[in-house]
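Peer 1: need coordinates for the below:
(chains A, B and C)
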Amino acid sequence: MHLHKFEKIWLIFGIGSLLVFLTVLGVSAFYLGNQPPSCLATIDPEKVDTQAPFNEPGLKKVEGKEWEYELVFVASAFNYTPGEVQIPKGAKVKVIATTKDVIHGFEVAGTNVNMMLEPGYISELVYTFNKTGEFLVLCNEYCGVGHHMMTSKIEVVE
Amino acid sequence: MLNQLANTKVDRRDGKLAMAHFYVAFIALAIGGLAGLLQVLVRSGKLELPAGIGYYQILTVHGVILGLVLTTFFIIGFMVSSVSKTAGTFTTRQRTLGWIGFWFKTIGTAMAAVMILLNEATVLFTFYAPLQAHFLFYLGLTLVIVGTWFDSAAIYMKYGQWKKANPGQPSPLLTFMTVITLIMWDVATLGVATTVLFQLLPWSLGIVDTVNVGVSRALFWYFGHPLVYFWLMPAYMAWYVVIPKVIGGKMFSDSLARMSFILLLLFSIPVGFHHQLLEPGIDPAWKFLQVVLTFLVVIPSLMTAFSLFATFESYGRSKGAKGLFGWFKKLPWGDARFTVPFIGMLAFIPGGAGGLVNASHQMNQVVHNTIWVTGHFHLTVATAVLLTFFGVAYWLIPHLTGRTFTKKMNKLALIQGITWAIGMTFMSGAMHAAGLLGAPRRSSFSDYGGAAQAAEWVPYQIAQAVGGTILFLSIILMLYIFVNLAFFAPKGDQEFPVGEVADQAEKTPMVFDNWKLWIGITACLILFAYTLPLIDLIQNAPPGAKGFKFW
Amino acid sequence: MAKTELNRNTETETEIEVEDSSSLKGTLASVFLLGFILIVTWVSVYSLFLDRS
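Peer 2: Reported below is the predicted structural model:
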């Protein structure tokens, strides 16, 4: 099959660009650890309230880990626990969340914290809150009639 | 490439089958479009739905009716016409299969529609187990898919018949592209059929109590991404084969067109995880593998872009165009059969750019489930694909009904295309911008407890409503043109444009018709990308999820 | 024809190719413009990702 000279140039350029994109993503993900949230741990969705760490939702300081805080969220139709939380600026936080019923989203608007919560699974993501201010936590995955009322708030303070 | 069976006109009996599909498709456009208008108005915060109708109910209508019904019916109607035109009239047996397919799809659609209207199935078209709809909703959508299997069977039989009558010859391009698109579709629908038959139906009937959510989602998205290529490939058929003839030029290359369709078959299926990048239960390495495969499916689109520009430039230069871009002015801008799909092609450039962003592994965290994604697929399916389909309808409907596309209708059609472009620029543009600021998709109007961030999104939501209203006017115009072409336009002969290859383009190699090879590679890629993560989702599954009805 | 043009128009060789009726220079320019849009979009959102991380 014959390719026009210009088409060869175009495809080499195009495929080359795709390879550059993939390399940037791959190095960032596998070498720097910026993987999308992909926690493999599971939990019985009906026993969420009695199991650690979900029996005590909220922010907790931890020692001897790569991150300084753990922020535990429990989602259910149509609210998050806790409904409001304060985080010191610059804190490296592991967000740990799960759902007690249907699928929910967990998005902290204006940040890269964005993950799916699915019944039976735990979702985790490590994030450093470098900017002060109020951040809206909202459900970005359809979960029922009150979906758009489902919110929480993270306040990053000095 | 001449062949003995090609018709100058689609046989009247095949035309009737195609037209039946188009009636359903355009009724769907009317209903789905109205639902879309209501959504943008509600989301602007200026309108509340009367009579207890829920936002999510009309959102389900919009998604199911436009994403599944309009597209599928239009595509099958276009395919039936294309095959009948290029490979010859269907036999009675083949056409009967086509009619069985039509009734399966129509009855299935009616079942799902009734359940949605009764508010028994407000689960959106992506299902969202463990939200649990009425079993008739799942059954109805299953019938739609089974219907398309009958359609495929009819077309495969026609293709086989042509091959037998024309040994050693490459199949007609439009027929080849139809067959490859349907193979891709049939392989993909196995996933959604599996989750519905073995998981969602028994669960919604109460035979089993719980559902494995991880497996259900993986099976759905195994289908969900090829679904979008099932929309796109028929548009590519029109771009590669029909548009060159409409402008009076030649196809750039038959072989390259076939090559890009083969690549679309191979790489559009094993990529569903890029819809699940932020989900638990799937190892990130498997996600990244599918991200790489997703990037490979960009290549045939890069080839398509080159072929199309080359067709346009060659035509313009044959008309004496000079300079780097002189050919651009020579294109027949006054012909809606060209201009309306051309607007679609342009929309596919930002659409494709956004698609690359969506599929970029961890970058998905910026845009996932924000309204950016809604803006993205309103450029791809709701502009690139849909305007191409409208452009096809402008000549195909009168071709099938024995009428003509008049100058007056052509003028209206141009206005239709331009208003669509304006409306979509507002709506999709505002969606992209608001999405980057964090505004979620699939959500009714909310001030999120008075949050400052949510207040920033409101102006964009008003812009969406403005754009959506313009789009709705464009839909009304389209429906008017459709009714005219189907029932009132003057009798006459409207051409079915099928492009020919440029003289210097070489002979088509036979390897493209080697289905064992292509289906074999497709199967290997799917097994490679899905086997281990799927086993993982089954073996390490959490306790199953009970059903909920939260609407 | 090409020769006379070469004599008249001494600017560059590409100038002649542009006027050639089978030239695809405009196509090449167009797809590179498209490629440029893809790259700019991707790089912008990646910068946003970096800025927010």
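
Peer 1: let me know the secondary structure of the residue in the stretch 201-350 of chain B that chain A sits nearest to.
Peer 2: Per CB to the nearest CB, the residue of the stretch 201-350 of chain B with the smallest distance to chain A is B:P280, at 3.8 Å. C-beta: built from backbone N, CA, C; applies to glycine. When states are read from DSSP: H, G, I helix; E, B strand; the rest coil, the local structure at B:P280 comes out as coil.

Peer 1: what's the answer for A:M115, then?
Peer 2: Using three-state DSSP as the criterion, the local structure at A:M115 reads strand.

Peer 1: nearest spatial neighbour of it, skipping sequence neighbours?
Peer 2: With CB to CB, 6 or more residues apart in numbering or on different chains as the criterion, A:M115 has its nearest non-adjacent residue at 4.0 Å, and that residue is A:P37.

Peer 1: hmm, stretch B:534-541 touching chain A?
Peer 2: Yes. For stretch B:534-541 and chain A, the contact criterion (CB under 8 Å from any CB of the partner chain) is met by B:540-541.

Peer 1: now that stretch: buried residues?
Peer 2: B:534, B:536-537, B:541 (16 or more other CB atoms under 10 Å in any protein chain shown).

Peer 1: of those, which is the nearest to chain A?
Peer 2: Distance to chain A across the buried residues of stretch B:534-541 (CB to the nearest CB) is lowest for B:A541, with 7.3 Å.

Peer 1: quick one: contacts of stretch B:89-103?
Peer 2: With contact meaning CB atoms under 8 Å, 6 or more residues apart in numbering or on different chains, stretch B:89-103 is reached by B:5, B:7, B:11, B:13-14, B:17, B:20-21, B:76, B:80, B:83-84, B:147-151, B:153-155, B:157-158, B:161.

Peer 1: on that earlier part again, quick one: secondary structure of the residue nearest to A:M115?
Peer 2: Judged by three-state DSSP, the three-state class of A:P37 is coil.

Peer 1: now A:Q86
Peer 2: When the structure is reduced to helix, strand and coil (three-state DSSP), A:Q86 reads as strand.

Peer 1: give me the distance between the closest residue to it other than its chain neighbours and chain C.
Peer 2: Take A:Q86 and drop its neighbours on the chain: the residue closest to it by CB to CB, 6+ apart is A:E155, 4.8 Å away. If you measure A:E155 against chain C using CB to the nearest CB, to the nearest Å, the figure is 17 Å.

Peer 1: can you tell me which residues in the stretch 1-150 of chain B are near chain A?
Peer 2: By the criterion of CB under 8 Å from any CB, the positions of the stretch 1-150 of chain B lying close to chain A are B:54, B:56, B:122, B:124, B:128, B:130-131.

Peer 1: do that again at 10 Å, thanks
Peer 2: Taking CB under 10 Å from any CB of the partner chain as the test, the list of the stretch 1-150 of chain B residues beside chain A reads B:43, B:54-57, B:59-60, B:119, B:122-124, B:126, B:128-132.

Peer 1: can you tell me which of these are in helices?
Peer 2: When the residues of the stretch 1-150 of chain B next to chain A are checked against helices using DSSP state H, the ones located there are B:43, B:55-57, B:59-60.

Peer 1: what is the nearest of the residues you listed to A:H147?
Peer 2: Within these, the smallest distance to A:H147 is 7.2 Å, found for B:Y56 (CB to CB).

Peer 1: pretty sure that closest one is touching B:F125, no?
Peer 2: No. Between B:Y56 and B:F125 there is no contact, the gap being 11.6 Å when judged by CB atoms under 10 Å.

Peer 1: circling back: narrow the buried residues of stretch B:534-541 to those in helices?
Peer 2: B:534, B:536-537.

Peer 1: filter the residues of the stretch 1-150 of chain B next to chain A down to the buried ones, PyMOL style.
Peer 2: PyMOL command restricting the residues of the stretch 1-150 of chain B next to chain A to the buried ones, with burial defined by 16+ other CB under 10 Å:
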select buried, chain B and resi 43+55+56+57+59+60+119+122+123+124+126+128+129+130+131+132
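
Peer 1: quick one: is the helix or strand where B:L356 lies near chain C?
Peer 2: Secondary structure assigned from DSSP states H and E places B:L356 in helix B:336-358. Yes. Using CB under 10 Å from any CB, helix B:336-358 reaches chain C at B:346, B:348-350, B:352-358.

Peer 1: closest one to A:S28 out of these, please.
Peer 2: The shortest approach to A:S28 among those belongs to B:V357, at 14.6 Å (CB to CB).

Peer 1: look up how far A:E124 lies from that closest one.
Peer 2: 24 Å (CB to CB, to the nearest Å).

Peer 1: now swap in B:E313 and tell me
Peer 2: Look at B:E313 and A:E124: by CB to CB, they are 52 Å apart.

Peer 1: so these two - more neighbours on which side?
Peer 2: A direct count of neighbours by other CB atoms under 10 Å in any protein chain shown for B:E313 and A:E124 places B:E313 higher, at 29 against 17.

Peer 1: doesn't that one belong to a strand?
Peer 2: No. Counting by three-state DSSP, one finds B:E313 to be helix, located in no strand.

Peer 1: show me how to select, in ChimeraX, the buried members of the contacts of stretch B:89-103.
Peer 2: Isolation of the buried members of the contacts of stretch B:89-103 (16+ other CB under 10 Å) is achieved in ChimeraX through the command below:
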select /B:5,11,14,17,20,21,76,80,83,84,147,148,149,150,151,153,154,155,158,161
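
Peer 1: which ones among the contacts of stretch B:89-103 lie within strands?
Peer 2: Residues of the contacts of stretch B:89-103 located in strands (DSSP state E): none.

Peer 1: in helices, which of the contacts of stretch B:89-103 appear?
Peer 2: Counting by DSSP H, those contribute B:13-14, B:17, B:20-21, B:76, B:80, B:83-84, B:147-151, B:153-155, B:157-158, B:161 to helices.

Peer 1: ok, stretch B:187-198 near chain A or not?
Peer 2: No. Contact of stretch B:187-198 with chain A (CB under 10 Å from any CB) is absent, the minimum separation being 14.6 Å.

Peer 1: what comes up buried for that stretch?
Peer 2: The neighbour-count check on stretch B:187-198 (16+ other CB under 10 Å) flags B:187-189, B:191-196 as buried.

Peer 1: dump the C-alpha coordinates for that stretch into PDB.
Peer 2: What follows is stretch B:187-198, C-alpha atoms only, in PDB (Å, rounded to 0.1, in the frame of the first residue of the first chain):
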ATOM      1  CA  VAL B 187     -18.200  -8.100  19.200                       C
ATOM      2  CA  ALA B 188     -18.800  -5.100  21.500                       C
ATOM      3  CA  THR B 189     -22.400  -5.800  22.200                       C
ATOM      4  CA  LEU B 190     -21.500  -9.200  23.600                       C
ATOM      5  CA  GLY B 191     -20.300  -7.300  26.700                       C
ATOM      6  CA  VAL B 192     -23.500  -5.400  27.400                       C
ATOM      7  CA  ALA B 193     -25.600  -8.400  26.600                       C
ATOM      8  CA  THR B 194     -23.600 -10.500  29.100                       C
ATOM      9  CA  THR B 195     -24.100  -8.000  31.900                       C
ATOM     10  CA  VAL B 196     -27.800  -7.600  31.200                       C
ATOM     11  CA  LEU B 197     -28.600 -11.200  30.700                       C
ATOM     12  CA  PHE B 198     -26.500 -12.700  33.400                       C
END
